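> Everything below, folded, please.
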Amino acid sequence: MKTNNTSKLTIRRAGDRGHAEHGWLDSWHTFSFADYYDPAQMGYRSLRVINEDIIAPGQGFGMHPHESMEIFTYLIAGELEHQDSMGHGRTIKAGEFQYMSAGDGVLHAERNPGSEAAHLLQIWLTPKQAGGEPRYADLKPAERKSNEPLTLLASATGRDGSLQIRQHADISLGKLSAGALWQHPAHNDRPHLWLQMIQGRVQLAGQTLQAGDAVAIDHSPLRLRADEESEFLLFELE
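The predicted structure is shown next:
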């Protein structure tokens, strides 16, 4: 998506995303990915991939390589087992957030070890600079939750207990109760916002956003009203 220094709002509807059904994997692609290609949907700023994946029990992605990519997983439901060539092995559960910086190169595998489907968002950001030592970390947002609508998950500096990443970006988990009104500013150094709905329904500038919908907002505050209890990820980007 092209942007400029004037206020702009672009909605990406859930039903307009690319879709791949592999039997064991049901995947929706916000941006071009694998066999889904749309030259108008190649990412947003440093945000390159948002895949909504549903992985069948006992299935997953075998060991495969990545390099020079910031990779995140937010688990909506179920469990996901992670293994990598750095020696990390971890099973994350619903509501947890996982980060892997591929750096100069890393191998990893992700598998659903549970008896129910694993429902997740897989997210890639391009790093500020290529290379570096690979990294792995994860966190439980619920353990850091305050009374604020946003919980900061990742940032360039690792401030406020967030995961430190290799991009000048903030990634936050937002939760609003039914009827809540909320406004969030666009910062001068991160004026491009991407909101990815996880569940619920909110109103934004006369538009209804539901699970799977997303919106890009350039150089403008974010103003939401929640029609029902809602959850989303917010990306603040250069």
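
> only C-alpha atoms for contact and neighbour calcs from this point on.
Noted.

> Pull out the buried positions in the worst-scoring helix or strand of the chain on mean pLDDT.
Confidence across the helices and strands of the chain bottoms out at helix 141-144, with a mean of 87, counting by mean pLDDT, DSSP states H and E. For helix 141-144, the neighbour count (16 or more other C-alpha atoms under 10 Å) marks P141 as buried.

> how far is it from where the chain is centred?
Mean C-alpha position of helix 141-144 versus that of the full chain (C-alpha atoms, centre = their mean, to the nearest Å) differs by 17 Å.

> Following it in sequence, what is the next regular element?
strand 150-155 (DSSP states H and E).

> Toward the C-terminus from that following strand, list the very next helix or strand.
Downstream of strand 150-155, the next assigned helix or strand under DSSP H and E is strand 163-164.

> who does that next one pair up with?
For strand 163-164, the pairing partners within the sheet under DSSP bridges are strand 150-155 (parallel).

> one step back: tell me the helices and strands packed up against the least confident helix or strand of the chain.
strand 150-155 (3 or more C-alpha pairs under 8 Å, 6 or more residues apart in numbering; DSSP states H and E).

> avg pLDDT for the strand it packs on?
The average of the pLDDT scores along strand 150-155 is 97.

> Give me the contacts around that strand.
With contact meaning C-alpha atoms under 8 Å, 6 or more residues apart in numbering, strand 150-155 is reached by 97, 139, 141, 144-145, 160, 162-165, 167-175.

> Now restrict those to buried residues only.
Judged by 16+ other C-alpha under 10 Å, buried ones among those: 97, 139, 141, 162-165, 167-175.

> circling back: who touches the least confident helix or strand of the chain?
Residues contacting helix 141-144 (C-alpha under 8 Å, 6+ apart): 95-97, 151, 153, 173.

> What backbone torsions are found at the nearest residue to D104 once chain neighbours are set aside?
Distances taken as C-alpha to C-alpha, 6 or more residues apart in numbering place G131 nearest to D104, at 4.3 Å, with adjacent residues excluded. Phi and psi for G131, reported as degrees, to the nearest 10, are phi 80, psi -170.

> What residues does G131 make contact with?
Applying C-alpha under 8 Å, 6+ apart to G131 gives the contacts 67-68, 102-105.

> run the last query once more with 7 Å
Contact analysis of G131 by C-alpha atoms under 7 Å, 6 or more residues apart in numbering lists 68, 103-104.

> For this protein, give me the ranges with low pLDDT.
Flagging of the chain using pLDDT under 70 yields the residue ranges 1-7, 145-146.

> coming back round to it: go through the contacts of G131 and say which is closest to Q203.
Taking C-alpha to C-alpha as the measure, S68 is the one of the contacts of G131 closest to Q203, at 36.3 Å.

> any idea how far that closest one lies from A102?
Applying C-alpha to C-alpha, to the nearest Å, the value for S68 to A102 is 5 Å.
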